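1. here is the input, now give the coordinates:
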Amino acid sequence: MPARTYFVTPFVPSAYGEQRGACLWAERPTTRNNIGDTLKITDRGSATYTWTGSVWVAQPSATAMSTTERFAPVIVSQGAIPVILGNMSTAGISATTGAFSLDTALPAAYTAAGAWMFLPAGAIVGGLAGFYYCTFTTTQAGIVKKNSSGSNLCYISPDATAFTPTVPAGTLTFAVGAAAIWTATASADIALLNSTISANMMGASGKVKVSYQLATSNSVNAKAIKISFGAFSVLSTTTTTGVALWVTREISNVTAAAQVTASVDSLVEGAVGAAVRGTVSTTADVALKLFGQLHATDAGAGFIILEAFSVQVLPGA
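-> Residues are numbered from 1 along each chain as shown. All right, here's what the predicted structure looks like:
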């Protein structure tokens, strides 16, 4: 049986009794597998997993792993390329250069690696509502980009698609602006980030730890920040005159892979606060999403910006 070269390392199905492959959990193959295929996950203490036809399932090991190996944290996603919701441009987006000038200055220029900015439908020729990759030269001036190979816009809708902000690959050129003016979308939850927690990754008693660093505009109008784990609402809060927000949460499986509990902000002696409880099966992939929502009055000048984040899993038994 020849090696299956589309695996991370040369791999031969265990049914043939030959050498097994090995890879990180995030790099495991999820397609073109045969039932019974087996590989080792190096960042889970080289634990053995077998493909059932739909998921990789951990197998009992003859040699017990140490607690350090078995429960080592796994970084699912992290980054510091901003994701911008809000602001507007009365000058619109140029049809000849893709350039724009925001009416309100951002808290930073974001010149190093650009940013992903939400645009309403029609702001770009052929563009749907969603996030577009932009480069910046100042806190207000930028250019919307597309891949130079054609009309392929650097576009994403995190509400429907897993999304970790990165700099798009390939040679980028300007996108063609269409609207003479565009205004930020308000009074609606807009997904800024969508991280996939893979099936069985948490185990029956594992947890997800999330940390989001956000910048917000200063106004008396409530700007909403929300987190969902599948259909489970983990957080729903608002901010007004503050200009920075650090959100952290832990989402835990409690005694079963479908009994989910989220931590409150703080819990000290004498504090009153119940944990948030829900039911989400982590034996299947779960979408972890961060949402922002602008107040209608802030559609012109308000903003919510995800500036940095990390999502990690602490596997459990």
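2. got the CA positions of stretch 160-168 in PDB?
-> In PDB, the C-alpha atoms belonging to stretch 160-168 read as follows (Å, rounded to 0.1, in the frame of the first residue of the first chain):
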ATOM      1  CA  ALA A 160     -21.300  32.200   7.600                       C
ATOM      2  CA  THR A 161     -17.600  31.200   7.300                       C
ATOM      3  CA  ALA A 162     -14.800  30.500   9.700                       C
ATOM      4  CA  PHE A 163     -12.600  33.500   9.800                       C
ATOM      5  CA  THR A 164      -9.200  34.300  11.300                       C
ATOM      6  CA  PRO A 165      -8.000  37.700  10.000                       C
ATOM      7  CA  THR A 166      -4.800  37.400   8.000                       C
ATOM      8  CA  VAL A 167      -3.200  39.300   5.100                       C
ATOM      9  CA  PRO A 168      -4.500  37.800   1.900                       C
END
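3. check which residues of that stretch are buried.
-> 163, 164, 165, 168 (16 or more other Cβ atoms under 10 Å). Backbone N, C-alpha and C define where each C-beta goes, glycine included.
4. tell me the mean pLDDT over it?
-> Throughout stretch 160-168, pLDDT has a mean value of 92.
5. quick one: low-confidence ranges for the stretch 201-317 of the chain?
-> Where the stretch 201-317 of the chain drops to pLDDT under 70, the residues are 260-274.
6. returning to that earlier point: can I get the buried residues of stretch 160-168 in JSON lines with distance to residue 302?
-> Shown next, in JSON lines, are the buried residues of stretch 160-168 (distance: Cβ to Cβ, whole Å):
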{"residue": "163", "distance to residue 302": "22"}
{"residue": "164", "distance to residue 302": "25"}
{"residue": "165", "distance to residue 302": "21"}
{"residue": "168", "distance to residue 302": "27"}
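7. list the contacts of residue 239.
-> 216, 222, 223, 225, 245 (Cβ atoms under 8 Å, 6 or more residues apart in numbering).
8. in strands, which of those residues appear?
-> 216, 223, 225, 245 (DSSP state E).
9. checking the closest residue to the third one other than its chain neighbours next. Helix, strand or coil?
-> Among residues not flanking residue 225 along the chain, residue 237 sits closest, at 5.4 Å (Cβ to Cβ, 6 or more residues apart in numbering). Of the three states, residue 237 takes strand according to DSSP: H, G, I helix; E, B strand; the rest coil.
10. surely residue 237 meets residue 223?
-> No. Residue 237 is not in contact with residue 223 according to Cβ atoms under 8 Å; the separation is 9.8 Å.
11. neighbour count: those two, which is higher?
-> Per other Cβ atoms under 10 Å, whichever of residue 237 and residue 223 has more neighbours is residue 223, with 25 against 13.
12. what's the closest of the contacts of residue 239 to residue 182?
-> residue 223 (19.3 Å; Cβ to Cβ).
13. now the strands: where do they sit in the stretch 101-250 of the chain?
-> 115-119, 130-136, 141-147, 155-156, 172-174, 190-197, 207-216, 223-229, 232-239, 244-253 (DSSP state E, counting those that start in this stretch).
14. quick one, which of these gets closest to residue 315.
-> strand 207-216 (8.8 Å).
15. could you list the buried residues of the closest one?
-> Buried-residue list, strand 207-216, by 16+ other Cβ under 10 Å: 207, 208, 209, 210, 212, 213, 214, 215, 216.
16. what angle do strand 232-239 and that strand make with each other?
-> Strand 207-216 and strand 232-239 meet at an angle of 20 degrees, taking axes from the mean of the first three to the mean of the last three Cα atoms, to 10 degrees as the criterion.
17. right, I'll call it a day here.
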